[in-house]
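Q: need a structure here:
(one chain, ligands or ions: 1)
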Amino acid sequence: MEMKNTDILIVGTGASGLFAALHIPENLQVLMITKGQVKESDSFLAQGGICVLRDEEDYDSFMEDTLKAGHYENRRESVDIMIRSSRNVIRELIEYGVDFARKDGELDYTREGCHSKPRILFHEDITGEEITSKLLKAVQALPNVEILEQVTMLDMIEKENTCLGIIAKTEEGEHLGIQARYTIFATGGIGGLYRHSTNYPHLTGDALAVAMRHGVELEHIDYIQIHPTTLYSQKPGRRFLISESVRGEGAKLYNAKGERFANEVLPRDLLTAKIQEQMKKDGKPYVWLDMTVLGEKVILNHFPHIYERCLEEGYDVTKDWIPVVPAQHYFMGGIHVDSSSKTTMEHLYAVGETSCNGVHGANRLASNSLLESLVFAQRAAQDIGEKWQSEGEQEKDFAELLQKTEKCICKQEKNLADTYKQEVLGEIERERQAK
Ligand SMILES: Cc1cc2nc3c(=O)[nH]c(=O)nc-3n(C[C@H](O)[C@H](O)[C@H](O)COP(=O)(O)OP(=O)(O)OC[C@H]3O[C@@H](n4cnc5c(N)ncnc54)[C@H](O)[C@@H]3O)c2cc1C
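A: Got it, this is the predicted structure:
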């Protein structure tokens, strides 16, 4: 089996993994792996935008909007960290070349459901692509970072509750042992576990299954957000999201009789329930969304990609209503972490959607996730940078432990992906039943 040795291993190359890499001290070697190609992450799919604290006067309102959307189950300390860090993160993104929309030279802000004020920065309706591609470019320019594509983490190598690295599988089907002083899980959400999801299908919560097997604490694993409006299609595969900001800007929902049945800017969970109830009443697998009220100019300027994608499906949103249906979208729960993104295992961190730092509580406020991912990824990197000085030698038993793990994995490998899937779904169900 091939072996690699690195200072820091980051599993996942979405926004959270990339931002962590950018904040690791440059004298440390970083190895990043991703299950797919570098551009195949949900971070590239984000449409609506990224929140920011506009000014001090917005603090209480931003906090209250986040807590209210999260049903007051949020960790207040984490929300405070996110809000307070937001302006620096945005400044940094602009320095990396992220081109947020501007009006008369000043940053322009949009609003989405449950935000009492416009505080969301955006780039057309492809904010995620704009941010993540610029972060990727910056990481690719770093001499201390190597990225391996099509390499999948299979399991963790651990001794006495200390993470020593992982075992992975390459595109060629070979095993690869990676020893690392610190490991960061940045493996994204769990949409791949569901039939209808806006996520990439390869995002199947692998890090959760691995964490569970090694006794790493999880939190709120049953808190899963369903997005109320994705484009209805009979075709299998990822569902196309019709961003919340479309409704924030004034698009209306109608039932089969062409009557309005809900307040379009309700929190996502409440609106999803209304739509599902209406679909049942109508006996249809969708309800209608009317974007025509926004006018052609707003649609073409602010939502050009939604316009084009709907055209591909045969709908001209400047003239036609489109059928929409709720789909799995976001995972609020995850691997429990503290405010430095450290898990309950030594030398193991988790960031982004796969982690739970408590920011989102029971329900995520729109456009808080990219911000949360970046803020807490940076904190993980800083914590590692600080701890690095005081830590001792690397564990010498790694090779032996790796071989043992490989033997175990070999026995299950054929069905490993399916086993992990069942383990995660089973845990979600157990947590639900326990409430
Ligand atoms: C359609 C859509 C629209 C969205 N719109 C917004 C928005 O407007 N604003 C907002 O704030 N948020 C939005 N979100 C949510 C946001 O995009 C995500 O929460 C965020 O990007 C997650 O980033 P991440 O780095 O945690 O994970 P991701 O970007 O999903 O990256 C996960 C990485 O982990 C890798 N990986 C997974 N498993 C393994 C494994 N076993 N081995 C190796 N690698 C692995 C993947 O290949 C990938 O590189 C949206 C999400 C979707 C799907």
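Q: in a helix, Pro285, correct?
A: No: secondary structure assignment (DSSP: H, G, I helix; E, B strand; the rest coil) places Pro285 in coil, not in a helix.
Q: show me the contacts for it.
A: Listed by CB atoms under 8 Å, 6 or more residues apart in numbering, the contact partners of Pro285 are 232, 279, 325. Every residue, glycine included, has its C-beta placed from N, CA and C.
Q: what's the local residue count around the closest residue to Pro201 other than its chain neighbours?
A: Among residues not flanking Pro201 along the chain, Gly192 sits closest, at 4.5 Å (CB to CB, 6 or more residues apart in numbering). Other residues within reach of Gly192, judged by other CB atoms under 10 Å, total 20.
Q: follow-up on the earlier one: of the contacts of Pro285, which belong to strands?
A: With strands identified by DSSP state E, the entries of the contacts of Pro285 that belong to them are Val325.
Q: where along the protein do the helices fall?
A: With DSSP state H applied, the chain shows helices at 15-23, 59-69, 76-95, 127-140, 206-213, 244-248, 268-282, 296-302, 304-312, 369-390, 398-412, 416-433, listed in chain order.
Q: going by mean pLDDT, which of those helices comes out lowest?
A: Note on the helices of the chain: lowest mean pLDDT is at helix 244-248, with a mean of 88.
Q: domain assignment for this protein?
A: In the domain annotation for the chain, the residue ranges read 2-223+332-433, 227-327 (automatic domain parsing).
Q: endpoints of the last one, how far apart?
A: Yep, that's domain 227-327 we're talking about. End-to-end distance of domain 227-327: 5 Å, with CA to CA, to the nearest Å as the criterion.
Q: same question for the longest one.
A: As for domain 2-223+332-433, its first-to-last residue distance stands at 43 Å under the measure CA to CA.
Q: is Leu218 in a bridge, and if so with what?
A: Beta-bridge pairing of Leu218 under DSSP bridges involves Ile335.
Q: which residues does it contact?
A: Residues touching Leu218, when contacts are defined by CB under 8 Å, 6+ apart, comprise 208, 211-212, 333-336, 356, 427.
Q: which of the residues you listed are buried? Put it as a PyMOL command.
A: If you want just the buried ones from the contacts of Leu218 in PyMOL, going by 16 or more other CB atoms under 10 Å, the selection is:
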select buried, resi 208+211+212+333+334+335+336+356+427
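Q: now, which of the contacts of Leu218 sits nearest Ile384?
A: Distances from the contacts of Leu218 to Ile384 were compared by CB to CB; the smallest belongs to Ile335, at 16.1 Å.
Q: close enough to count as contact, that closest one and Leu208?
A: Yes: because the distance of 6.6 Å satisfies CB atoms under 8 Å, Ile335 is recorded as touching Leu208.
Q: let me know the outermost residue of the protein.
A: Summary for the chain: using CA atoms, centre = their mean, the residue whose C-alpha lies farthest from the chain's mean C-alpha position is Lys257, with a distance of 36.2 Å.
Q: list the contacts for the closest residue to the ligand within the stretch 251-400 of the chain?
A: Going by CB to the nearest ligand atom, the ligand is nearest to Gly352 of the stretch 251-400 of the chain, at 2.2 Å. Residues in contact with Gly352, defined by CB under 8 Å, 6+ apart, are 12, 14-17, 186-188, 373, 376-377.
Q: let's have these in TSV, adding neighbour count and distance to the ligand.
A: TSV is the format used below for these (neighbours: other CB atoms under 10 Å; distance: CB to the nearest ligand atom, whole Å):
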residue	neighbour count	distance to the ligand
Gly12	29	3
Gly14	33	2
Ala15	31	5
Ser16	35	3
Gly17	32	6
Ala186	32	5
Thr187	34	4
Gly188	32	3
Ser373	31	5
Phe376	28	10
Ala377	29	8
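Q: Pro118 against Arg111, yeah?
A: Yes: counting by CB under 8 Å, Pro118 sits close enough to Arg111 to count as a contact (4.0 Å).
Q: which of these two has more neighbours?
A: Arg111 (20 against 15).
Q: list the residues that contact the most centrally placed residue in the chain.
A: Computing the C-alpha centroid of the chain and ranking residues by CA atoms, centre = their mean puts Glu353 first, at 3.9 Å. Glu353 makes contact with 14, 16, 42, 188-189, 330-331, 334, 369, 373, according to CB under 8 Å, 6+ apart.
Q: at 10 Å what do you get?
A: Glu353 sits next to 12, 14-16, 41-43, 186-191, 199, 203, 205, 330-334, 360, 364, 369-370, 372-373 when contact means CB atoms under 10 Å, 6 or more residues apart in numbering.
Q: which of those residues fall within strands?
A: Among the contacts of Glu353, the members falling in strands (DSSP E) are 330-331, 334.
Q: now render those as JSON lines, adding pLDDT.
A: As requested, the ones in strands among the contacts of Glu353 are arranged in JSON lines below (pLDDT from 0 to 100):
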{"residue": "Tyr330", "pLDDT": "95"}
{"residue": "Phe331", "pLDDT": "97"}
{"residue": "Gly334", "pLDDT": "98"}
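Q: near the ligand too, which of these?
A: Tyr330 (CB under 6 Å from any ligand atom).
Q: can you pull the contacts of the residue of the stretch 201-350 of the chain found nearest the ligand?
A: In the stretch 201-350 of the chain, the residue found nearest to the ligand is Asp206; the distance is 3.5 Å by CB to the nearest ligand atom. Taking CB under 10 Å, 6+ apart, we find Asp206 in contact with 11-12, 35, 152-155, 185, 187-188, 190, 192, 354, 416-417, 420-421, 424.
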